[in-house]
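S.K.: Below is the sequence, then the predicted model.
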Protein chains: 2
Amino acid sequence: MLDLWFTEKQTKNVNFTCRIARTLHTETSKFQNIAVLETEEFGKMLVLDGTVQTTVEDEFIYHEMITHIPLYTHPNPKMVLVIGGGDGGTIREILKHPSVELVVLVEIDERVVEVSKMFLPEISSALNDKRVRVNINDGIEYVKNLESNNYDVIIVDSTDPVGPAEGLFTLDFYKHVFKSLTDDGILIAQTESPFFNRSLIKRVYKNISTIFPIAKLFLANIPTYPSGLWSFTIGSKKYDPVSTNLQDKYDIDCKYYTKELHRSCFVLPKFVQELLK
Amino acid sequence: MLDLWFTEKQTKNVNFTCRIARTLHTETSKFQNIAVLETEEFGKMLVLDGTVQTTVEDEFIYHEMITHIPLYTHPNPKMVLVIGGGDGGTIREILKHPSVELVVLVEIDERVVEVSKMFLPEISSALNDKRVRVNINDGIEYVKNLESNNYDVIIVDSTDPVGPAEGLFTLDFYKHVFKSLTDDGILIAQTESPFFNRSLIKRVYKNISTIFPIAKLFLANIPTYPSGLWSFTIGSKKYDPVSTNLQDKYDIDCKYYTKELHRSCFVLPKFVQELLK
């Protein structure tokens, strides 16, 4: 039998390797290499430029946490913008909130959307919902050209800060996001591993704190991401995610998120607290 | 230059690989293969039978969490027993609690203690403290032969449930631990990954719930352990770790543990909650 393994270089000195049953798809788009692998441990896996984006087995964690923390914090989210996230997992979670009227997904690489629709229907199927507009565009340009006060929540569901996503981690970008949000709007961005990307986390947190009255960082455990621990940073104009009253809120069906976790995920280990000082 | 890498088979289908500068030590004792590697990412690493036990860079997380949760929960821990833990990291953390008068370390493999003393002084140095007795013995036999009401806290700082440590995860063993604890005593055991060892966690939690009036599970993020997420299970005769009042407690110097985390680490993701039902 053919012994097939996929290896991701998580850092210069650490590799993550998993056994694959087969390669379902591989292509090189205008922006990146796109692959879908069938892994033995995590089910189907989407890989961009050699980096794991999501897997069928553990995608629920990332997608629930990047979505439900800001959408439960906002009292009435109607208009939501997702930058990146072409696999559709974040969209699926957003649509669980009954107040949502329109979700715009701005993804730079049309092929990520198409490949996800074809090979990962478990994750991507919500892309076909009538409340969703898919806009193939550079998120940085899109946000720069937006009029003010457009969105209640903006979710930056990006790849790592190398290549096309680099500009999504800059002060300038966050300023345009701030302007595009309504007066009680909320930004959330995925901000990498507290073990392996400390200087990035420090910088992004400082930038977001400079622009937004409320800045908060929380953590979630994602086994297929480097170190297994992932950070998300929130910038909020009015509502503090930690003091949200969730008691009377509607329930939604989740596998990771709970209303108790909504608060406790902001309680940081000492060494992560120190990064934010 | 020689390109050296160490690979741990974390599951049948997942490998963790890290670059090493050199092998500092390797030997085969009566019980297992013992290696100390100098890794580029995590500093020195102790490996038993091919499995990562601890590294200089991230050992603080495991050792702080297995120690401070039970020792802060108990109002006055004087007598502490550690089963396993021959590297001495747990001992170092225990000795930060001023009430502790005696710590007995029962380690089956004398060579783990000796190798740790020689190559990992950052972790092992507390083994020389005058409040510590090192007892080279099988922990299962040791606990079976103990008289009742001996220890305030018993910490099971074991290897994975294969080979010599297998008996440390059984109902019978926990019964002997219960008997050896004082009337307000507390057991804590490391209980593996909620992603990769679900049936073990279920079984251990059920066993401990059967014997102890209070059973609780908490989580910590350890990047060099499989999935990056690790569970610990507590059995307590009297004090609930979640409702401990820590406000007036002394402070100790930590890099991961905080008094807020003492509570929030028990708030479990939905899929982990379901394991314990």
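M.R.: The structure has been received and is ready for your questions. What you see is a predicted model, and the numbers here were worked out from it, not measured in a lab.

S.K.: check contacts around the residue of the stretch 101-250 of chain A found nearest chain B.
M.R.: Proximity to chain B, evaluated over the stretch 101-250 of chain A using C-beta to the nearest C-beta, is greatest for residue A:228 at 1.4 Å. Where you see a C-beta, it was placed from the backbone N, CA and C, and this is true even at glycine. For residue A:228, the residues meeting the contact criterion (C-beta atoms under 8 Å, 6 or more residues apart in numbering or on different chains) are A:221, A:222, B:221, B:222, B:223, B:227, B:228, B:229.

S.K.: Please pick the buried ones from those residues.
M.R.: For the contacts of residue A:228, burial is judged from neighbour counts taken by 16 or more other C-beta atoms under 10 Å in any protein chain shown, and it is met by A:221, A:222, B:221, B:222, B:223, B:227, B:228, B:229.

S.K.: For those, work out which two are farthest apart.
M.R.: With distance counted by C-beta to C-beta, no two of those lie farther apart than A:222 and B:222, which are 14.0 Å apart.

S.K.: where does the nearest residue to residue A:236 once chain neighbours are set aside land on pLDDT?
M.R.: If the residues on either side of it in the chain are set aside, residue A:236 comes closest to residue A:214, at 4.1 Å by C-beta to C-beta, 6 or more residues apart in numbering or on different chains. At residue A:214 the predicted local distance difference test score is 98.

S.K.: Tell me, how many residues neighbour residue A:214?
M.R.: A total of 18 residues lie near residue A:214 under the criterion other C-beta atoms under 10 Å in any protein chain shown.

S.K.: what do you get for residue A:244?
M.R.: So residue A:244, with other C-beta under 10 Å, has 17 neighbours.

S.K.: and it, what is it in contact with?
M.R.: For residue A:244, the contacting residues are A:72, A:73, A:262, by C-beta under 8 Å, 6+ apart.

S.K.: One more pass at 6 Å, please.
M.R.: Each residue near residue A:244 by C-beta atoms under 6 Å, 6 or more residues apart in numbering or on different chains is listed here: residue A:73.

S.K.: next SSE after the single longest strand found in chain A?
M.R.: Looking across chain A with DSSP state E, the single longest strand is strand A:14-28. Proceeding N to C from strand A:14-28, the next assigned helix or strand is strand A:33-39, under DSSP states H and E.

S.K.: Can you give me the buried ones in that next one?
M.R.: Burial within strand A:33-39, assessed by neighbour count using 16+ other C-beta under 10 Å, is assigned to A:34, A:35, A:36, A:37, A:38, A:39.

S.K.: Name the next helix or strand following that strand along the chain.
M.R.: Reading on from strand A:33-39 to the C-terminus, the next helix or strand found by DSSP H and E is strand A:43-48.

S.K.: which residues are contacting that following strand?
M.R.: Strand A:43-48 is contacted from outside by A:32, A:35-39, A:53-57, A:87, A:120, A:159, using C-beta under 6 Å, 6+ apart.

S.K.: Pick the one among those closest to chain B.
M.R.: The shortest distance between chain B and any of the contacts of strand A:43-48, using C-beta to the nearest C-beta, involves residue A:39 and amounts to 7.1 Å.

S.K.: Thought residue A:23 was touching that closest one, still the case?
M.R.: No - taking contacts as C-beta atoms under 6 Å, residue A:39 lies outside contact range of residue A:23: 10.5 Å.

S.K.: one step back: now the phi/psi pair for the residue of the stretch 101-250 of chain A closest to chain B, please.
M.R.: Residue A:228 adopts backbone torsions of phi 80, psi 0, taken as degrees, to the nearest 10.

S.K.: Skipping adjacent residues, who's closest to it in space?
M.R.: Nearest to residue A:228 is residue B:228, by C-beta to C-beta, 6+ apart, at 1.4 Å.

S.K.: care to break chain A down by domain?
M.R.: Taking automatic domain parsing as the reference, chain A has its domains at A:5-53, A:59-275.

S.K.: Out of those, which gets nearest to residue B:114?
M.R.: With C-beta to C-beta as the criterion, residue B:114 lies closest to domain A:5-53 of those, at 28.5 Å.

S.K.: Can you give me the end-to-end span of the closest one?
M.R.: End-to-end distance for domain A:5-53: 17 Å, by C-alpha to C-alpha, to the nearest Å.

S.K.: who in chain A is up against chain B?
M.R.: Residues of chain A found near chain B, taking C-beta under 6 Å from any C-beta of the partner chain as the criterion, are A:13-15, A:17-19, A:40-41, A:195, A:221, A:223, A:227-229, A:254-256, A:258, A:260-261, A:264, A:267, A:269-271.

S.K.: hmm, try it at 8 Å
M.R.: A:5, A:7, A:11-19, A:39-41, A:58, A:61, A:195, A:219, A:221-223, A:227-229, A:254-258, A:260-261, A:263-264, A:267-271, A:273 (C-beta under 8 Å from any C-beta of the partner chain).

S.K.: which of these count as buried?
M.R.: Buried residues within these, defined by neighbour count using 16+ other C-beta under 10 Å: A:11, A:13-19, A:39, A:41, A:58, A:61, A:195, A:219, A:221-223, A:227-229, A:254, A:256-258, A:261, A:263-264, A:267-270.

S.K.: Spell out for me which residue occupies the centre of chain A.
M.R.: Compute the mean C-alpha point of chain A, and by C-alpha atoms, centre = their mean the closest residue is residue A:157, 3.1 Å away.

S.K.: who's that residue bridged to?
M.R.: Counting by DSSP bridges, residue A:157 forms beta bridges with residue A:84.

S.K.: For the longest strand of chain A, which strands pair with it and how are they oriented?
M.R.: Here strand A:14-28 has these sheet partners by DSSP bridges: strand A:5-11 (antiparallel), strand A:33-39 (antiparallel), strand B:14-28 (antiparallel).

S.K.: residue contacts, the closest residue to residue A:57 other than its chain neighbours?
M.R.: Counting by C-beta to C-beta, 6+ apart, the nearest residue to residue A:57 once its immediate chain neighbours are dropped is residue A:42, at 4.2 Å. When the contact criterion is C-beta under 8 Å, 6+ apart, the partners of residue A:42 are A:18, A:55, A:56, A:57, A:58, A:223, A:224.

S.K.: Phi and psi next, for the second one.
M.R.: Backbone torsions for residue A:55, taken as degrees, to the nearest 10, come to phi -130, psi 150.

S.K.: and it, how many neighbours does it have?
M.R.: 23.

S.K.: Could you report the pLDDT at it?
M.R.: pLDDT recorded at residue A:55 is 98.

S.K.: my guess is it contacts residue A:224, does it?
M.R.: Yes - checked against C-beta atoms under 8 Å, the pair residue A:55 and residue A:224 is within contact range at 5.3 Å.

S.K.: mind listing the helices for the stretch 51-200 of chain A?
M.R.: According to DSSP state H, counting those that start in this stretch, the stretch 51-200 of chain A carries its helices in the segments A:59-73, A:89-94, A:110-119, A:121-124, A:139-144, A:171-180, A:198-211.
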